[in-house]
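> sequence and predicted model, in that order:
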Amino acid sequence: MGNADTRVRGIAARAGGWSARHRWAAVGIWVLFVVLAMGLGSAAGRVDVKESDQLKGETHTAAKIIEDAGIEEPASETVLVQAKDAGTRATDADFRSAVSAVVQAVGATGKVTDVTSPYDTKTISKDGRSALVQFDMRGDSETAGDRVEPVLKAVERVQKDHAGLRIEEIGGASMMKQYDDAFGDDFQKAELSAVPVALGILLIAFGALVAALLPVALAVTAIMATMGLMGIVSHLMPMSDTANSVMLLVGLAVGVDYCLFYLRREREEREAGRDAGTALRIAAATSGRAIIVSGVTVCVAMAGMLFTGLAEFEAMGLASLMVVAVAMVGSVTVLPALLSLLGDRVEKGRIPFLHRAKRRAAGRGNRRPADEGSRFWSAVLRVVLAKPAVSLVVATGALLAVAAPALGMKTQQLTLDKEFGDSLAIVGTYNRVNEAFPGGSEPAQVVVKARDIDAADVKAALADFREAAVSSGASRGPVDIKVYAEHDVAFVSVPLVGGSDQGKAEKSLELLRDTVRPRTLGKVDGLQAPITGQVAGSHDFNDQLIGSVTPVFAFVVVFAFVLMLLSFRSLTIAVTSIVLNLLSVAAAYGILVAVFQHGWGASLVGAEGVGAIVTWLPLFLFVILFGLSMDYHVFVVSRIREARLRGRSTKDAIRHGVVTTAGVVTSAAVIMVAVFAIFGTLSMQSMKQMGVGLAAAVLIDATIIRGVLLPAVMALLGERNWYLPKWLNRMPDLTHDEAPEAALQPVLPQGERAGV
């Protein structure tokens, strides 16, 4: 075979070869890149998503009016004064005394303004047993939680003096404080514990400290660099704390995975008797190529979030895309350089009793059989390949059964009581306020913008709206109007009938938007009156998300299909890749609905059935899982294809590919399941749903999909796995990085050149 057939081809092989020859330069460039990215990002600062940009529709319009007017909305607080027995009423002397004491106590703190008595505002429940004292916190609403403690203590003192009444505070500031006190560090602790968990599993997988530290080091440096890049990019597309957390999760997952794939292949070749240079060259040309194909596919999946039209999702998608790209580049550049520098020292810090037999064999210079792998998966493969049709039917049937509950999926933004259950004391207050004053804890807010807010027709329309909101049945009142004359803006607060029942509250919202508003405020020319609030925000978010599902799904599936087609040059592989990934996602949806919507087995994961899946999760899971599952798929199929190109039969290549990758896929999956499971332990139901959904999907993907369905399907298809219609032969050929012989050539010393 001529030199033209043995030259190094492909980005991964060339990058790995260059890095191995210019080791210190490659490491230096990576360190410089990370430092520069962090420095420039820190200097630029991060621009976060504004509230007015979070959503489209009426919620966006309302936020934009408030922002343009320069109105700083204070954090509103409410004190519920409620009789504990059925005989006490708000008109009783003791009740009035308690209300007066609350008004005086909170006012005396100097932390509040606009304190109103329920006897003035008519905020007394229909049964006469409950009343609301309302006020605003002074200063910035974003930091009100830091200043609310003196007010809470003042309310507690009044409560001690009136044992026959229930006196308790609720509002944005008090909820913020109680949340921060109880769970403020939860998310951060989960993020920080993810790294040691991953390191511990890698120690078991590799049996050596240095080998285990390499994947973690690559992932952490990729995350650090991306955090800096996020600061720079945020001036073009705003970022957020949520995007940062998602980036950390995805970065840790793919960073560790990519390094694991590369390192395990290099060690496998060394254990098979190759010299260090040859082993590194093979790893660069094979696992390096799989990393690039996988990385580009994951980037495409993450880019799907850019089509949602939701600023938060766009930030998450871009941040995830960047960290995957950075981790991918680091894996095929700096990793080969580090492995070349370390040589046998990658085995330093060995853990006693782990992989001892394997190391003894390697130490005696014994070549390990090429097909040696996991005994468990070897046994599974024998059954699957012996009865592929039966295995396919059983595995598919099981996954479809698991996915079946997803057909009845219901999504909504979780209310406070569903998000936290009984874990927060303020949830009880929230429920009591909603029972006494339906919708009072989270009222709808009509933001009225007029040419002249004091004009007679505007005042008349506001009065008509207030009356119609109650008479229509959308609200039971009281409807409060707050006018900002200098800005020609008014805020109308409307408690919605339905309260914490999201479905009923949305019907009340629709009644306000579609009937009450057009008949009142809608008659004034030039007047804007978008309706916002928690219920409106959830409704608008759902509408926006539902509208983006089709374009996001289409983009991700079509581009992933094209990438697989180009990378493996097989129509069959491309189709089966998409179908298997969709089946994995569907099974994850089914588990989510069964556990969190219906409550089946919820106690096993420390959760409870809340009747719905949080609105943003299905689309988020689809994009993340479709991307991450491609890691395993590309890695396994690449190994099968490699074996097939080296002359093995299709069935033998399947067995070889699955068995030899079982260890690395299992290790990678265990790390991801463990990290995601950490988030399943958090107190917030939305975080539990995310953690359980991701962990379950990865577990299914790494076992049933890759260990049973993939080999069964490929065994049944046989040579048709490599089918490509003739009319597609003109496609770019991205299938090979090198001829088989090239992989066996040693890495050249620095300064020498490969023949062409």
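Ah, there it is.
> secondary structure element holding Val483?
Val483 is part of strand 480-484 when elements are defined by DSSP states H and E.
> Ile167 belongs to a strand, doesn't it?
Yes. The assignment for Ile167 (DSSP: H, G, I helix; E, B strand; the rest coil) places it in a strand.
> what residues are up against it?
Taking Cβ atoms under 8 Å, 6 or more residues apart in numbering as the criterion, Ile167 is in contact with Val79, Leu80, Val81, Gln82, Ala98, Val102, Val155, Val158, Gln159. Glycine gets a C-beta too; all of them are placed from N, C-alpha and C.
> for it, give its distance to Thr572.
When distance is defined by Cβ to Cβ, to the nearest Å, Ile167 is 70 Å away from Thr572.
> kindly report the same for Gly522.
Taking Cβ to Cβ as the criterion, Gly522 is separated from Thr572 by 58 Å.
> tell me which of those two has more neighbours.
A direct count of neighbours by other Cβ atoms under 10 Å for Gly522 and Thr572 places Thr572 higher, at 18 against 13.
> which intervals of the stretch 651-756 of the chain have sub-threshold pLDDT?
733-756 (pLDDT under 70).
> can you check the stretch 151-300 of the chain too?
For the stretch 151-300 of the chain, applying pLDDT under 70 flags the ranges 182-189, 191.
> could you pull out the helices for it?
For the stretch 151-300 of the chain, helices defined by DSSP state H, counting those that start in this stretch occupy the ranges 172-183, 186-206, 209-233, 241-271, 276-303.
> out of these, which gets nearest to Ala662?
helix 241-271 (10.7 Å; Cβ to Cβ).
> for the closest one, name the packing helices and strands.
When contacts are defined as 3 or more Cβ pairs under 8 Å, 6 or more residues apart in numbering; DSSP states H and E, helix 241-271 packs onto helix 186-206, helix 209-233, helix 276-303, helix 311-342, helix 356-363, helix 617-645, helix 650-680.
> do you know which of those lies nearest Thr61?
Relative to Thr61, the nearest member of the helices and strands packed on helix 241-271 by Cβ to Cβ is helix 311-342, separated by 14.8 Å.
> just the angle between that closest one and helix 209-233, please?
What separates the directions of helix 311-342 and helix 209-233 is an angle of 140 degrees, with axes from the mean of the first three to the mean of the last three Cα atoms, to 10 degrees.
> buried residues of the strand holding Val483, list them for me.
Asp480, Ile481, Val483 (16 or more other Cβ atoms under 10 Å).
> the first one and Gln445, how far apart?
If I follow you right, that is Asp480. Between Asp480 and Gln445 the computed distance is 10 Å (Cβ to Cβ).
> any common contacting residues for those two?
Going by Cβ under 8 Å, 6+ apart, residues that sit against Asp480 and also against Gln445 are Val492, Ser493.
> could you point out which element follows the longest helix seen in the chain?
When the chain is parsed with DSSP state H, its longest helix is helix 534-568. Using DSSP H and E, the helix or strand that directly follows helix 534-568 along the chain is helix 571-592.
> relative orientation of that following helix and helix 534-568 in degrees?
On the basis of the same axes, to 10 degrees, helix 571-592 is oriented at 150 degrees to helix 534-568.
> what sits against the residue positioned nearest the centre of the chain?
With distances taken as Cα atoms, centre = their mean, Val246 lies nearest the centre of the chain, 4.9 Å away. When the contact criterion is Cβ under 8 Å, 6+ apart, the partners of Val246 are Met316, Ala319, Ser320, Ile624.
> ok, the second one - how many residues close by?
Residues lying near Ala319 (other Cβ under 10 Å) number 30.
> quick check: it touching Asp241?
No. At 10.8 Å, Ala319 does not count as touching Asp241 under the criterion of Cβ atoms under 8 Å.
> got phi/psi on the residue of the chain most remote from its centre?
For the chain, the largest distance from the centre (Cα atoms, centre = their mean) belongs to Ala93, which lies 53.4 Å off. Listed backbone geometry of Ala93 is phi -60, psi -40, with angles given as degrees, to the nearest 10.
> where's Arg451, which helix or strand?
Per DSSP H and E, there is no helix or strand for Arg451.
> name the nearest residue to Gly16, sequence neighbours excluded.
For Gly16, the nearest residue in space outside its immediate sequence neighbours is Ala284; the separation is 2.5 Å by Cβ to Cβ, 6 or more residues apart in numbering.
> contacts only, for the residue nearest to Tyr258 when sequence neighbours are not counted.
Setting aside the residues directly before and after it, Tyr258 is nearest to Ser331 in space (Cβ to Cβ, 6+ apart), at 3.9 Å. Contacts were defined as Cβ under 8 Å, 6+ apart; by that measure Ser331 touches Leu218, Gly255, Tyr258, Cys259, Phe261, Tyr262, Gly288, Ile291, Gly295.
> and the fourth one, how far from Trp18?
Going back to what we said before, that points to Cys259. With distances defined as Cβ to Cβ, the gap from Cys259 to Trp18 amounts to 18 Å.
> more neighbours: which of these two?
Taking neighbours as other Cβ under 10 Å, Cys259 and Trp18 compare with Cys259 leading, 29 against 17.
> quick one: contacts for the closest residue in space to that one that isn't next to it in sequence?
When the adjacent residues along the chain are set aside, Cys259 lies closest to Pro215, with 3.6 Å between them (Cβ to Cβ, 6+ apart). Residues near Pro215 by Cβ under 8 Å, 6+ apart: Ala198, Leu202, Gly255, Val256, Cys259, Leu260, Leu263.
> if we use 7 Å, what do you get?
Residues in contact with Pro215, defined by Cβ atoms under 7 Å, 6 or more residues apart in numbering, are Leu202, Gly255, Val256, Cys259, Leu260, Leu263.
> surely Ala662 is in contact with Trp377?
Yes. With contact defined as Cβ atoms under 7 Å, Ala662 and Trp377 form a contacting pair (3.9 Å).
> re earlier: next, format the helices of the stretch 151-300 of the chain as CSV and append distance to Ala674.
Listed next are the helices of the stretch 151-300 of the chain as CSV, based on distance: least, Cβ to Cβ, whole Å:
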stretch, distance to Ala674
helix 172-183, 21
helix 186-206, 5
helix 209-233, 13
helix 241-271, 11
helix 276-303, 20
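> nearest to Ala311, of those helices?
Shortest distance between Ala311 and these, using Cβ to Cβ, is found for helix 241-271: 9.7 Å.
> and the closest one with helix 186-206, angle?
Between the direction of helix 241-271 and that of helix 186-206, the angle (the same axes, to 10 degrees) works out to 0 degrees.
> make residue 1 into 44 and carry on from there
Got it, the first residue is 44 from now on, which makes the last one we talked about helix 284-314.
> pull the distance from helix 284-314 to the chain's centre.
17 Å (Cα atoms, centre = their mean, to the nearest Å).
> do the same with stretch 660-678
Using Cα atoms, centre = their mean, we find the averaged C-alpha position of stretch 660-678 to lie 11 Å away from the chain's own average C-alpha position.
> residues in contact with it?
293, 296-297, 300, 304, 333, 336-337, 340-341, 344-345, 347-348, 351, 452, 454, 588, 592, 595-596, 599, 603, 620, 624, 627-628, 631-632, 704, 708, 732-733, 736-737, 740-741, 744-745, 749.
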